[in-house]
Structures are given as structure tokens and as C-alpha cells.
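*Asks:* what's the 3D shape of this:
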Amino acid sequence: MHDNDWLLLAAFFLLVLAPAPFLGRYFYRVMEGQRTWLSPLLQPLERACYRVAGIDPQQEQGWRGYSLALLAFTLVCLLVLTGILLLQGALP
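*Replies:* Okay, here's the model as predicted:
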């Protein structure tokens, strides 16, 4: 490997590892329900998404609901990706 490759590798690790403690702290606060600096911006958006989807944020999701959501998401992704592969010749 050349010197430039080592420099590029070091820069990559720096860009990945430098924000890790800050993101970890942010994710911890979000999962614990604490206020973050993005809360005033994201909480109204989250409440609107819950309202549109008909989700009660106070109710936990059981394993059956999670399994059905996972299967539905997998099916949608499979259909979209199959469509992309079939239309590959016509896509830009």
C-alpha cells in the first residue's frame, strides 16, 4: 500500500470513530425518552407520523405485531427490488 492509501484509511477511521461517542450519547438519550437538542424539531414530526399511521406511542408492540410488520416490510422491499431488476434496461 502507498502512503496515500494509509492516509485515506486513517481519515476513514477518524470520520467513522470521531462522532461515535456523540451519537452514542444522543441515541441513549432518545431511547431513554430524555430531551435532546433535536427534540423541538423532531417531536412534532414524530407525533404527526404516529397520528397518520394510527399508532399509540404509549402501547408496546408485541412479538406478533413486530413479526407481521417485519414480514410486510420484507415483502414490500422484495417487490420493489424485483421491479428494479426487471426494469433495469429501461431505467437511467
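*Asks:* in what helix or strand does the spatially most central residue of the chain lie?
*Replies:* In the chain, the C-alpha closest to the average C-alpha coordinate belongs to Phe27, at a distance of 11.7 Å (CA atoms, centre = their mean). Using DSSP states H and E, Phe27 sits in helix 20-31.
*Asks:* any idea how far that helix is from the chain center?
*Replies:* Taking CA atoms, centre = their mean, to the nearest Å, one finds the center of helix 20-31 at 14 Å from the center of the full chain.
*Asks:* need the residues that contact it.
*Replies:* 35-36, 38 (CB atoms under 8 Å, 6 or more residues apart in numbering). Every residue, glycine included, has its C-beta placed from N, CA and C.
*Asks:* immediately after that helix, which helix or strand?
*Replies:* As assigned by DSSP H and E, the chain's next helix or strand after helix 20-31 is helix 39-53.
*Asks:* now do that following helix: which elements does it pack against?
*Replies:* Here helix 39-53 touches no other helix or strand, going by 3 or more CB pairs under 8 Å, 6 or more residues apart in numbering; DSSP states H and E.
*Asks:* CA atoms only for it - export them in CSV, please.
*Replies:* What follows is helix 39-53, C-alpha atoms only, in CSV (Å, rounded to 0.1, in the frame of the first residue of the first chain):
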residue,chain,number,x,y,z
SER,A,39,-36.3,17.4,20.2
PRO,A,40,-38.1,20.6,19.4
LEU,A,41,-37.7,19.9,15.7
LEU,A,42,-38.3,16.1,15.6
GLN,A,43,-41.0,15.6,18.3
PRO,A,44,-43.8,17.3,16.3
LEU,A,45,-42.8,15.3,13.2
GLU,A,46,-42.8,12.1,15.2
ARG,A,47,-46.3,12.8,16.7
ALA,A,48,-47.6,13.6,13.2
CYS,A,49,-46.3,10.3,11.8
TYR,A,50,-47.8,8.4,14.7
ARG,A,51,-51.2,10.1,14.1
VAL,A,52,-51.2,9.4,10.4
ALA,A,53,-50.2,5.7,11.0
